[in-house]
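# dropping the sequence and predicted coords here.
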Amino acid sequence: MNKEIKWTKNNMKLKDQEVGNTPLIDEKTSEEVKNFHSSFEEYQVTPLRHLGYFSESVGIKKVLVKDESYRFGLNAFKVLGAAYAMGKTLAQRLGKSIDELPFSVLKSPEVKKELGEVAFLSTTDGNHGRGVAWTANQLGQKASIFMPKGTTQNRLNHILKLGANAEITDYNYDDTVRWMVEEGKKTNAEIIQDTAWEGYEDVPRWIMQGYSTVAKETIEQLGDKQPTHIFLQAGVGAFAAIMTSIFINHYKDNPPKIIILEANQADCFYQSIQEEKVIPVTGDLNTIMAGLACGEPNPLAWEILSTNADVFVSVPDWVSAKGMRILGNPLSTDPKVISGESGAVGVGLLSVLNLDENKALKEALEIDEDSIVLNFSTEGDTDANTYREIVWDGKYPME
């Protein structure tokens with residue numbers, strides 16, 4: 001398994017005067033999304049942490065981390081996309097706008113009676129399916145969740161505890177999605193998936209729009225501290241694309257550099273950018289970064305990231321593990337962040353940029369003592385056993 005950090009500049013990026021061509025979301029829609037999420041009893045703004053001592057240790061002005069482990073008590077941000085897409089789906093069935101359906105109304109006995117039984121299907125490495133299962137449970141509806149081979153028992157159990165049907169398949173993530181679609185054709189179930197294909201674009205777009213609440217909160221928390229760089233993890237690319245869309249439009253006069261981070265065993269964007277066309281990654285996609293173990297870009301995300309991101313980085317597991325240990329054992333009075341395998345990769349990368357072998361990467365990223373780098377810890381310890389093996393026992397040491 002390749003232990004080196006690989007990277008490439010994006011030669012497909014639009015010229016500066018064209019940057020901002022990101023049709024995924026407008027201000028009206030992002031407000032609609034935020035209002036919908038605010039109608040949940042569980043809603044609260046997640047913290048934005050400043051790692052001052054870590055910043056100093058790596059020679060950067062500010063390192064900021066948005067901590068999504070607090071989201072809805074589910075330890076990850078993914079529920080935001082699932083809940084909004086499911087809300088939009090049910091609003092469509094009811095012939096209403098989602099503006100008319102705060103969550104208290106959507107889960108009311110009256111609406112449940114009008115809708116009848118609605119079944120939801122989804123494929124997940126863990127967090128997205130947990131969000132679908134949680135939302136279905138809140139709505140009094142059923143969900144069936146399919147998980148790729150290699151999924152841990154803990155992640156399966158999280159979903160089963162929410163009353164969903166769930167199983168681990170014998171396929172990788174992308175093949176599990178295809179299998180689920182065929183299963184869905186046998187029923188009248190609503191598929192809630194964060195990647196798009198021909199004839200299936202509305203729901204993935206809604207999921208991506210649902211993630212916009214993370215960006216809206218972050219912009220408000222940043223105030224006048226505009227980031228110079230934003231590190232974004234990519235699996236199918238849904239999260240990275242909507243974050244890119246919102247941030248480069250908000251800071252359109254001086255957009256931050258967008259850095260896309262992938263697990264090196266599932267680096268479909270990195271490989272695709274090198275070839276300047278979509279290149280799927282096949283095989284087991286075996287990485288500890290389960291939430292990033294996706295071999296095919298979401299076409300909607302590809303459209304945004306291929307034309308707006310600056311650098312794509314393919315990262316081995318040990319980098320993420322190092323980031324988890326740093327965040328869980330902070331320097332001096334820096335705040336502690338419990339970050340899972342898919343959440344800590346940005347901080348892990350920052351911690352090794354000053355090594356001689358990464359000098360060219362640091363120069364390409366244009367990170368220096370004046371940089372303000374924004375990271376997203378997209379999940380907490382969603383698999384507590386794996387978290388302890390890495391943080392307590394030192395599994396996946398620095399190579």
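Here it is on my side, so go on.

# quick check: residue 364 is in a helix.
Yes - under DSSP: H, G, I helix; E, B strand; the rest coil, residue 364 falls within a helix.

# contacting residues for it?
7, 9, 311 (C-beta atoms under 8 Å, 6 or more residues apart in numbering). For glycine as for every other residue, the C-beta is placed from the backbone atoms N, C-alpha and C.

# what about the closest residue to residue 299 other than its chain neighbours, distance to residue 348?
Setting aside the residues directly before and after it, residue 299 is nearest to residue 196 in space (C-beta to C-beta, 6 or more residues apart in numbering), at 5.1 Å. As judged by C-beta to C-beta, to the nearest Å, residue 196 and residue 348 stand 30 Å apart.

# neighbour count for the two, which is higher?
residue 348 (26 against 23; other C-beta atoms under 10 Å).

# next, count neighbours for residue 319.
27.

# tell me which helix or strand comes right after the helix or strand harbouring residue 130.
In this structure, residue 130 sits in helix 127-139 according to DSSP states H and E. Next helix or strand after helix 127-139 toward the C-terminus (DSSP H and E): strand 142-147.

# how many other residues sit next to the nearest residue to residue 338 once chain neighbours are set aside?
Among residues not flanking residue 338 along the chain, residue 380 sits closest, at 4.7 Å (C-beta to C-beta, 6+ apart). When neighbours are defined as other C-beta under 10 Å, residue 380 has 21 of them.

# surely residue 380 meets residue 343?
Yes - judged on C-beta atoms under 8 Å, residue 380 makes contact with residue 343 at a distance of 7.2 Å.

# residues shared between the contacts of those two?
68, 69.

# contacting residues around the residue nearest to residue 299?
204, 205, 298, 299, 300.

# now residue 130
74, 76, 78, 79, 124, 155, 158, 159, 162, 382.

# identify the bridge partners of the second one.
Here residue 76 sits in beta bridges with residue 379, going by DSSP bridges.

# tally of neighbours for it?
25.

# in contact with it, which residues?
Residue 76 neighbours (C-beta under 8 Å, 6+ apart): 68, 69, 126, 127, 130, 131, 291, 340, 378, 379, 380, 382.

# correct me if wrong: the third one contacts residue 157.
No - judged on C-beta under 8 Å, residue 126 makes no contact with residue 157 at a distance of 10.6 Å.

# the two: which is more packed in?
residue 126 (28 against 12).

# mind checking how far the residue nearest to the more buried one when sequence neighbours are not counted is from residue 385?
Nearest residue to residue 126, sequence neighbours excluded (C-beta to C-beta, 6+ apart): residue 155, at 3.9 Å. Residue 155 sits 10 Å away from residue 385, going by C-beta to C-beta.

# quick one: which of these two has more around it?
Comparing residue 155 with residue 385 by other C-beta under 10 Å, the one with more neighbours is residue 155, at 22 against 11.

# got a list of what the residue nearest to residue 282 when sequence neighbours are not counted touches?
Once flanking residues are discounted, residue 282 sits nearest to residue 295: 5.9 Å by C-beta to C-beta, 6+ apart. Contacts here follow C-beta under 8 Å, 6+ apart; on that basis residue 295 touches 172, 173, 174, 266, 268, 280, 281, 282, 283, 285.

# residue contacts, the last one?
Residues counted as contacts of residue 285 (C-beta under 8 Å, 6+ apart) are 148, 172, 173, 263, 265, 266, 293, 294, 295.

# on that earlier part again, from the contacts of residue 196, pick the one nearest residue 240.
residue 298 (9.6 Å; C-beta to C-beta).

# for residue 238, see how far away the closest one is.
Counting by C-beta to C-beta, the gap between residue 298 and residue 238 amounts to 5 Å.

# okay, and the common contacts of the two?
194, 195, 204.

# got the contact list for the first one?
If you count contacts by C-beta under 8 Å, 6+ apart, residue 194 has them with 81, 128, 204, 207, 208, 236, 238, 298.

# let me see the domain layout of the chain.
6-76+209-391, 79-202 (automatic domain parsing).

# could those domains go into TSV alongside distance to residue 399 and mean pLDDT?
As requested, these are exported to TSV (distance: least, C-beta to C-beta, whole Å; pLDDT from 0 to 100):
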stretch	distance to residue 399	mean pLDDT
domain 6-76+209-391	5	96
domain 79-202	21	96
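
# mind checking those domains for the one nearest to residue 398?
Per C-beta to C-beta, nearest to residue 398 of those: domain 6-76+209-391, 5.5 Å.

# what is the end-to-end distance of the closest one?
Its start and end residues considered, domain 6-76+209-391 measures 24 Å (C-alpha to C-alpha, to the nearest Å).

# before we move on, what about stretch 182-199?
14 Å.

# got the buried residues for stretch 183-194?
The neighbour-count check on stretch 183-194 (16 or more other C-beta atoms under 10 Å) flags 184, 189, 190, 191, 192, 193, 194 as buried.

# in the protein, which residue is most central in space?
By C-alpha atoms, centre = their mean, the chain has its centre lying nearest to residue 239, at 4.3 Å.
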